[in-house]
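>>> build me a model from this:
(chains A and B)
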2 protein chains.
Amino acid sequence: MGAIDEVLAANDAFYAAHEARDIDAMRVVWERTDRVVCVHPGWPILRGWPAVEESWRRIFSGVGRNQFILTNQSIEVGSNLAWVTLEENLVDRGETHAVAATNVFGFAAERWRLVAHHGSSVLAVLG
Amino acid sequence: MGAIDEVLAANDAFYAAHEARDIDAMRVVWERTDRVVCVHPGWPILRGWPAVEESWRRIFSGVGRNQFILTNQSIEVGSNLAWVTLEENLVDRGETHAVAATNVFGFAAERWRLVAHHGSSVLAVLG
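Below you'll find the predicted structure:
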């Protein structure tokens, strides 16, 4: 499997963990170091795996389900970093809500792991 | 100058161009290729330099001034990609508005240039 496919698989695993609300799967997806960063829509920057893990535990303990339709995805792979941008179309209680996301992956110990996730709600389509 | 300082200088140049509303300076900061991506707060994903440039022209032609106080900055540099996260505290008409930002830089032709910018409004401080 080439690097692009490996990063895409890691990105898919991130959304699978999110949909399943599976904190153990999320632990495998993330690098779990001090350098990891997560920005949920509307949230301030969270730094370091302990803060990021706590945020996912909080999100997974909330009400509702999360089901994503991923669209408009692009990927760029460097030698030890890669970044993916896409739109997360969240389907929740019959409504669809679009979130623009940037995901950065780092290659270490023979694996691509998520080092930064930034999501932001898309509020309007430009005229 | 080491890679970290070079990326920080490129990041500072991005905000200087933004504050100055200087599209020519913005052209120098960005990679100006098809792979560049920009997500302004609340906006959908813009892909490719022409769309990104048009968005900056639109923003620079709007009312108001943009003055930033940059805080909570961190940087990670790989061999040909780097990413910076920080909070842009926009001071506009006496009010401060926080935007969480992720900036990805790519190294090509002996220079670090911006390849992705993602900004999102911070709506609430977590309790």
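>>> can you list contacts of stretch A:60-73?
A:11, A:15, A:18-19, A:21-23, A:84-93, A:96, B:45 (Cβ atoms under 8 Å, 6 or more residues apart in numbering or on different chains). (Each C-beta comes from the backbone N, C-alpha and C, glycine too.)
>>> let's see that with 7 Å instead.
A:15, A:18-19, A:21, A:23, A:84, A:86-93, B:45 (Cβ atoms under 7 Å, 6 or more residues apart in numbering or on different chains).
>>> quick one: contacts for the nearest residue to residue A:75 once chain neighbours are set aside?
Leaving aside its sequence neighbours, residue A:75 sits nearest to residue A:84 (Cβ to Cβ, 6 or more residues apart in numbering or on different chains; 4.9 Å). Residues counted as contacts of residue A:84 (Cβ under 7 Å, 6+ apart) are A:7, A:11, A:73, A:75, A:103.
>>> now restrict these to buried residues only.
For the contacts of residue A:84, a burial check counting by 16 or more other Cβ atoms under 10 Å in any protein chain shown picks out A:7, A:11, A:75, A:103.
>>> pull the contacting residues for the first one.
Residues in contact with residue A:7, defined by Cβ under 7 Å, 6+ apart, are A:75, A:77, A:82, A:84, A:105, A:112.
>>> and the helix or strand the last one falls within, what's buried?
Mapping residue A:112 onto the secondary structure by DSSP states H and E places it in strand A:111-121. For strand A:111-121, burial by neighbour count (16+ other Cβ under 10 Å) applies to A:112-121.
>>> tell me what the longest strand along chain A is packed against?
Secondary structure of chain A per DSSP state E: the longest strand is strand A:95-108. Strand A:95-108 makes packing contacts with helix A:3-20, strand A:81-92, strand A:111-121 when contacts are defined by 3 or more Cβ pairs under 7 Å, 6 or more residues apart in numbering or on different chains; DSSP states H and E.
>>> which stretch in these has the least confidence?
Ranked by mean pLDDT, these bottom out at strand A:81-92, with a mean of 93.
>>> gap between the nearest residue to residue A:33 once chain neighbours are set aside and chain B?
Using Cβ to Cβ, 6+ apart and skipping the chain neighbours, the partner closest in space to residue A:33 is residue A:49 (6.2 Å). From residue A:49 across to chain B, the span is 14 Å (Cβ to the nearest Cβ, to the nearest Å).
>>> strand partners (parallel or antiparallel) of whichever strand or helix holds residue A:38?
Using DSSP H and E, residue A:38 maps to strand A:37-39. Strand A:37-39 has these partner strands in its sheet, going by DSSP bridges: strand A:46-47 (antiparallel), strand A:111-121 (parallel).
>>> what about it, average pLDDT?
The model assigns strand A:37-39 a mean pLDDT of 98.
>>> same deal with stretch A:65-79?
91.
>>> counting neighbours, which bits of that stretch end up buried?
Buried positions in stretch A:65-79, judged by neighbour count with 16+ other Cβ under 10 Å: A:66, A:68, A:75-78.
>>> pick the one among these closest to chain B.
residue A:78 (3.8 Å; Cβ to the nearest Cβ).
>>> just to check, the closest one is in contact with residue B:80?
Yes. In this structure residue A:78 lies within contact range of residue B:80 using Cβ atoms under 7 Å: 4.6 Å.
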